[in-house]
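>>> Give the three-dimensional model of this entry:
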Amino acid sequence: IFTSPRFLHGGRITRSDTQPAKEPSAAAETVKMTFVDKDGETHAISCKTGKTVLEIAHDNGIDLEGACEGSLACSTCHVIVDPMYYAKMEEPSDEENDMLDLAFGLTKHSRLGCQIKLSKELDGLLVTLPKATRNMAVDGYVPKPH
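Modelled structure (predicted):
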């Protein structure tokens with residue numbers, strides 16, 4: 001006996017019962033971060049916690065590629081994190097380290113922007129964009145943020 005019957009409507013499965021309401025999450029706080037671009041120019045940005053460095057870059061017109069759109073399948077969102085902030089982050093996952101091995105200009109403070117989620121602890125984060133990226137999928141392709 002099914003306690004939550006399902007019905008097929010136009011190729012989509014819908015549930016007739018309702019899901020319990022999710023607990024409201026804490027409101028995102030505003031923090032600051034700074035990008036140093038390939039030309040050495042700094043870009044100070046106010047942003048909401050919970051977003052990734054890649055998302056923040058795309059939202060603010062910073063030239064950080066992200067060819068895989070943050071799915072941890074490339075190294076084109078490689079950034080170099082200021083050592084003070086790097087020490088505050090969790091260690092990169094094995095998957096992130098595998099992708100970092102493909103990054104141009106790898107340093108001991110390298111991370112993928114899609115894997116750095118802004119938090120109150122990272123308020124003031126400073127990241128430097130490497131001089132180049134290595135996009136093995138398509139040479140010369142310049143993606144547009146979504």
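
>>> Would you agree residue 68 is in contact with residue 54?
No - counting by Cβ atoms under 8 Å, residue 68 does not reach residue 54; the two are 9.9 Å apart. (C-beta placed from N, C-alpha, C; glycine too.)

>>> Between those two, which contacts overlap?
residue 114 (Cβ atoms under 8 Å, 6 or more residues apart in numbering).

>>> So which of these two has more stuff around it?
residue 54 (24 against 19; other Cβ atoms under 10 Å).

>>> correct me, but the more buried one touches residue 77?
Yes - contact criterion Cβ under 8 Å: residue 54 and residue 77 qualify, at 4.6 Å.

>>> Need the residues touching each of these two.
Going by Cβ under 8 Å, 6+ apart, residues that sit against residue 54 and also against residue 77 are 64, 66, 70, 112-114.

>>> can you list the residues you listed in TSV and add neighbour count?
Shown next, in TSV, are those (neighbours: other Cβ atoms under 10 Å):
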residue	neighbour count
64	24
66	24
70	18
112	27
113	25
114	26
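
>>> Which of the residues you listed sits closest to residue 125?
Closest approach between the shared contacts of residue 54 and residue 77 and residue 125, by Cβ to Cβ: residue 113, at 10.7 Å.

>>> any idea how far that closest one is from residue 27?
Residue 113 is 24 Å from residue 27, where distance means Cβ to Cβ, to the nearest Å.

>>> Please apply the same query to residue 50.
10 Å.

>>> Of the two, which one has the most company?
residue 50 (13 against 8).

>>> List the contacts of the more buried one.
Residue 50 neighbours (Cβ under 8 Å, 6+ apart): 28, 117-119.

>>> Torsion angles phi and psi at the spatially most central residue of the chain?
Most central in the chain under Cα atoms, centre = their mean is residue 114, positioned 2.4 Å from the mean C-alpha point. With angles defined as degrees, to the nearest 10, residue 114 sits at phi -70, psi -10.
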